[in-house]
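1. Model the structure of this input:
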Amino acid sequence: MEVRKSLVVNSTPLETRIALLENGQLCELFLERTMNKSQVGDVYKGRVAKLLPGMQSAFVGIGGAKDGFLYLDDPVAQRLGTDLSAEEEGEEAAEDLPPPPPPLPPLKEGEETLVQVVKDPIGSKGPRLSRHLSFPGRFLVFMPGIDHIGISRKITDPEERERLRELIRSHAQPGEGFIVRTAAIGEKDEDLVGDVAFLRQAWQEIQAKAETVPAPGLVWHDLRLLQKVLRDIFREEVSSFWVDDPDAYREVLAFVEKLHPEWANRVKHFTSDLPIFEAFGIEVEIEAARQPKVFLKHGGSIVLNQTEALVSVDVNTGKFVGKKDLEETVYLTNLEAIPEIVRQLRLRNLGGIVVIDFIDMVDSAHRDEVLARLQEELKRDRNHARAGGISEFGLVELTRKRTGPSLERQLTQPCPACNGTGRHPSPETSLLKAYRELVRQGERLSGADVRLTLHPDLSGALHQEAREGLMQLARLLGARVQWIERQDAPRHAVVMDVQLSGQNSATA
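-> Alright, predicted model coming up:
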């Protein structure tokens, strides 16, 4: 079945959210918040704070509240690519992985070194760092210091693989490594060579700036989310690109008109009064993605649970009773669950080890068909995923490439009242919900009085930048905002009371 893809962008001064839809269904969601921007891909001139010889690692200060953690001999295969381009890591066939890089000189405490962030801080842990840098372009990933030309294994045509390998090899200089990304299929030689030149020039500029930046300090900032999506996801198969913010719309249109003018009519400015994520049914799907249970069309269900060690997925027949016999009912339920399981893994951004507990099937042909269907469906996933066989107990173990925190971790935080057994919306998520409600009310708020009631703990946890962004929006809409802190207010929600022309309306 042909897959119709579209991108939907909700951009505000506080947050950018980008949804990837396939046949109208939400399959991937990308978030960037101004109060908590990702550092992945950024290059810093750091200073070694402490060496840990027993762990072959070091803590390196890069200017943040927490020192970064650096493995002194980190494997290249663990840190190629950044953020949205990280799927290219898993696309490489084993024989195409780079050889071990030349040994880097040992570090001393107090020494300066150039590092790249490969994983954002989580909890009490600082960012993960690497001294082996990589820079993704439109068609290539550039790896300075590694003599290697790799080809994405999703490029399967032998002649195309050889064309791309020889072209890049003929233009690479000693000490330059490249991985050819899937997007390079069928592209003109001059465009690919142009990507080589662009990435080389960027690296030279980074090296020059590193000479002048004092340590610890930022040397190079990776692209913003919208720019990454334009680079990595907006391809031939994406039929529409909807954007609600006028500035973001102009940015997208300018990019497309410059590189793919024939796609310009796919970029569309969303001007309805209805919020864009509500109009496309995305807001409802985001809320559903925070729940463990997902119902299937014919009455079955799947239950997903994320733990520290792995992700478990349980398949249940639920209300589906079938028409023939138990074996047929079980088989059809397992088949129906597969596309939804893969969609939920992508949407919730769940990675690492995933264990799927299919309903037990007696017929070995049915087990083979279920496994084949799962492996076929995983090909839709931009992140590399690999499934093993079905055990005698109906279990399938698969691994999926991690690319940043899961959706649950981005939107929520551990609940302090239940010793970590549950989660609740983070302060930023709560405030942004109120922000979107102000946007939804729009011009109706002109001259209105808006009271925001919140618990003192929630108020104290909010970033000043987020508060100011909400107040600025209220002023633009002509509303008067009053912050009210009350001990009896909900701990994890902002309660909004709006006085409109003598009438009250309340929104939590």
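
2. The host helix or strand of residue 365: what's the following helix or strand?
-> Taking DSSP states H and E as the definition, one finds residue 365 inside helix 364-377. Of the helices and strands lying after helix 364-377 in sequence (DSSP H and E), the nearest is strand 385-390.

3. For the helix holding residue 365, buried residues please.
-> Neighbour counts using 16 or more other CB atoms under 10 Å place 366, 367, 370, 371, 374, 377 of helix 364-377 among the buried residues. (Glycine included, C-beta is placed from N, CA and C.)

4. One more: stretch 34-50?
-> Applying 16+ other CB under 10 Å to stretch 34-50 flags 35-36, 38-48 as buried.

5. Which of the residues you listed sits closest to residue 220?
-> residue 43 (4.1 Å; CB to CB).

6. what about that closest one, distance to residue 131?
-> 11 Å (CB to CB, to the nearest Å).

7. Tell me the residues that contact both of the two, please.
-> When CB atoms under 8 Å, 6 or more residues apart in numbering defines a contact, the residues bordering residue 43 and residue 131 alike are 114, 115, 116.

8. after the helix or strand containing the last one comes which helix or strand?
-> If I follow you right, that is residue 116. When secondary structure is defined using DSSP H and E, the element that contains residue 116 is strand 112-119. Tracing the chain past strand 112-119, the next element assigned as helix or strand by DSSP H and E is strand 128-130.

9. Tell me how far the helix or strand where residue 69 lies lies from the chain's centre.
-> Secondary-structure element containing residue 69, defined by DSSP H and E: strand 68-71. Once both centres are worked out by CA atoms, centre = their mean, to the nearest Å, strand 68-71 turns out to sit 22 Å from its chain's centre.

10. What strands flank whatever helix or strand residue 302 lives in, and is each parallel or antiparallel?
-> In this assignment (DSSP H and E), residue 302 forms part of strand 301-306. Each strand that strand 301-306 pairs with, and the sense of that pairing, follows from DSSP bridges: strand 293-295 (antiparallel), strand 311-316 (antiparallel).

11. Pull the residues that contact that strand.
-> 292-296, 311-316, 318, 337, 340-341, 344, 348, 350, 406, 408.

12. okay, the buried residues of helix 364-377 in JSON lines with distance to residue 195 and pLDDT next?
-> Compiled in JSON lines, those are given as follows (distance: CB to CB, whole Å; pLDDT from 0 to 100):
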{"residue": "366", "distance to residue 195": "47", "pLDDT": "92"}
{"residue": "367", "distance to residue 195": "45", "pLDDT": "92"}
{"residue": "370", "distance to residue 195": "41", "pLDDT": "94"}
{"residue": "371", "distance to residue 195": "38", "pLDDT": "94"}
{"residue": "374", "distance to residue 195": "35", "pLDDT": "95"}
{"residue": "377", "distance to residue 195": "31", "pLDDT": "93"}
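
13. Nearest to residue 270 among those residues?
-> Set against residue 270, the nearest of the buried residues of helix 364-377 by CB to CB is residue 377 (30.5 Å).

14. my read: residue 36 touches residue 428, true?
-> Yes. Residue 36 lies in contact with residue 428 (CB atoms under 8 Å); the separation is 6.5 Å.

15. Let's have the buried residues of stretch 34-50 in CSV, adding distance to residue 469.
-> Converted to CSV, the buried residues of stretch 34-50 look like this (distance: CB to CB, whole Å):
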residue, distance to residue 469
35, 8
36, 13
38, 18
39, 21
40, 23
41, 24
42, 23
43, 28
44, 27
45, 31
46, 31
47, 33
48, 37
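
16. Could you list which of those belong to strands?
-> 43, 44, 45, 46, 47, 48 (DSSP state E).

17. quick one: residue 11 and residue 225 touch, right?
-> No. Contact between residue 11 and residue 225 fails when scored by CB under 8 Å: they sit 9.4 Å apart.

18. buried subset of the contacts of strand 301-306?
-> Buried members of the contacts of strand 301-306, counted by 16+ other CB under 10 Å: 294, 296, 311-316, 337, 340-341, 344, 348, 350, 406, 408.

19. Quick check: which ranges of the stretch 251-400 of the chain have low pLDDT?
-> Along the stretch 251-400 of the chain, the model assigns pLDDT under 70 to residues 320-323.

20. The chain - how does it break down into domains?
-> Using automatic domain parsing, the domain ranges for the chain come out as 5-35+227-284, 43-221, 290-400, 415-507.

21. for the record, mean pLDDT for the second one?
-> Translated: domain 43-221. Per-residue pLDDT values over domain 43-221 give a mean of 84.

22. Reformat the ones in strands among the buried residues of stretch 34-50 as JSON lines; add distance to residue 5.
-> As requested, these are arranged in JSON lines below (distance: CB to CB, whole Å):
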{"residue": "43", "distance to residue 5": "32"}
{"residue": "44", "distance to residue 5": "35"}
{"residue": "45", "distance to residue 5": "40"}
{"residue": "46", "distance to residue 5": "39"}
{"residue": "47", "distance to residue 5": "44"}
{"residue": "48", "distance to residue 5": "45"}
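
23. which among those residues gets closest to residue 496?
-> The closest of these to residue 496 turns out to be residue 44 (CB to CB; 39.8 Å).

24. Does the closest one touch residue 217 like I think?
-> Yes. Shown here, residue 44 and residue 217 form a contact pair, counting by CB under 8 Å, at 6.8 Å.

25. Show me whatever sits in contact with both of these two.
-> Taking CB under 8 Å, 6+ apart as the criterion, residue 44 and residue 217 both touch residue 63.

26. Nearest spatial neighbour of residue 229, chain-adjacent residues omitted?
-> Leaving aside its sequence neighbours, residue 229 sits nearest to residue 18 (CB to CB, 6 or more residues apart in numbering; 5.3 Å).
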